[in-house]
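Participant: Provide a 3D model corresponding to the input given below.
(one chain, ligands or ions: 1)
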Amino acid sequence: MSYENILYEVRDNICYITINRPKQLNALSIATMQELKQAFIGAGDDAEVRVMIITGAGDKAFVAGADISEFVGMSAVDACHFSKNGQEVLNVLENSKKPSIAAINGFALGGGCELAMACSMRVASEKAKFGQPEVALGIIPGYMGTQRLPRLVGKGIALEMILTGAPIRADEALRIGLVNKVVPPEELIEACEKIAKRIIGQAPVAIEAALEAVNRGINMTSELGGMLEADLFGLTCSTEDFVEGPKAFMEKRKPDFKGK
Ligand code: COA
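Facilitator: As a prediction, the model looks like this:
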């Protein structure tokens, strides 16, 4: 599959997906969102890929939001479809079998912040800035920002960000729990790769099951989430890797997981 707006590369079991429109600060055009959807599906289906790292091209922006030039002349129905399509793309990412790490190298505004929040975790450069500035344009977040932000940082802080539209710096994003880690710009990809390699060393079926338990469970009652967890726990106990893991532990060696 060839892409015009993104770069897609698989190396050492990591799929690097880079939004590549630096002149527009990597704004998410409709075409870019379609390419991202294909990339997320492709990475999910590719047995070689164990983790995705998602970043923006250039040194200024991760993603500065949806492409504002495409808003002109949009009808209410078009805009509703636009929002639902974008939500679907980010849901594909969040619900992928493969964990994803947002490597936030600069502005993560609007759809950029929403893209980062759909990732399993977020690592930010010290230069990153976050925000949901949609109200300044007369709209509200449309790619699940009103849903994922309060779940990540709590309702009060989410409402402050969404209602003021004011950007926050990386250190503030770390303080409120929007990002997992903040590192110097030149160490950003390395920091993400370090997390990715650690994940790659674990049992693949367990990683997939843990992702599903957290991603589905967070939207369930605690009781139903517990039932899902128990079922997935049972599934992991039936794997060959659960024979290999304890055996390797007893033999004081690294496990050789097969993902079966
Ligand atoms: N959609 C389309 N184009 C965008 C864009 C977006 N979301 N964000 C930036 N760009 C374009 C600018 O129009 C400009 O293009 P030009 O060089 O052809 O004029 C280019 O990217 C550089 O942006 P510029 O505004 O000149 O950079 P800056 O450093 O002065 O400001 C931002 C950076 C991120 C603060 C500013 O670009 C901005 O506020 N962008 C919009 C953010 C937003 O509202 N996102 C939510 C959209 S729903």
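Participant: Closest residue of the stretch 151-260 of the chain to the ligand?
Facilitator: Nearest residue of the stretch 151-260 of the chain to the ligand (CB to the nearest ligand atom) works out as residue 167 at 7.6 Å. (Glycine included, C-beta is placed from N, CA and C.)
Participant: Which per-residue confidence value corresponds to that residue?
Facilitator: Residue 167 carries a pLDDT value of 98.
Participant: From residue 165, how far off is the residue nearest the centre of the chain?
Facilitator: Nearest residue to the geometric centre of the chain (CA atoms, centre = their mean): residue 119, 1.2 Å. Distance, residue 119 to residue 165, using CB to CB, to the nearest Å: 22 Å.
Participant: Let me know how buried residue 94 is, in neighbour terms.
Facilitator: When neighbours are defined as other CB atoms under 10 Å, residue 94 has 16 of them.
Participant: you'd agree it is up against residue 215?
Facilitator: Yes - Residue 94 is in contact with residue 215 according to CB atoms under 8 Å; the separation is 6.1 Å.
Participant: thinking again about what came up before, check contacts around the residue nearest to the centre of the chain.
Facilitator: 52, 54, 93-94, 100-102 (CB atoms under 8 Å, 6 or more residues apart in numbering).
Participant: and the stretch 101-250 of the chain, which of its residues are near the ligand?
Facilitator: 107, 109-110, 133-134, 137 (CB under 6 Å from any ligand atom).
Participant: same thing but at 5 Å, please
Facilitator: Contact residues (CB under 5 Å from any ligand atom) of the stretch 101-250 of the chain with the ligand: 107, 109-110, 133.
Participant: OK, contacts around the residue of the stretch 151-260 of the chain closest to the ligand?
Facilitator: Residue 167 neighbours (CB under 8 Å, 6+ apart): 107, 109, 129-131, 133.
Participant: ranking the residues you listed by neighbours, who comes first?
Facilitator: Counting neighbours by other CB under 10 Å, residue 130 comes out on top of those with 26 neighbours.
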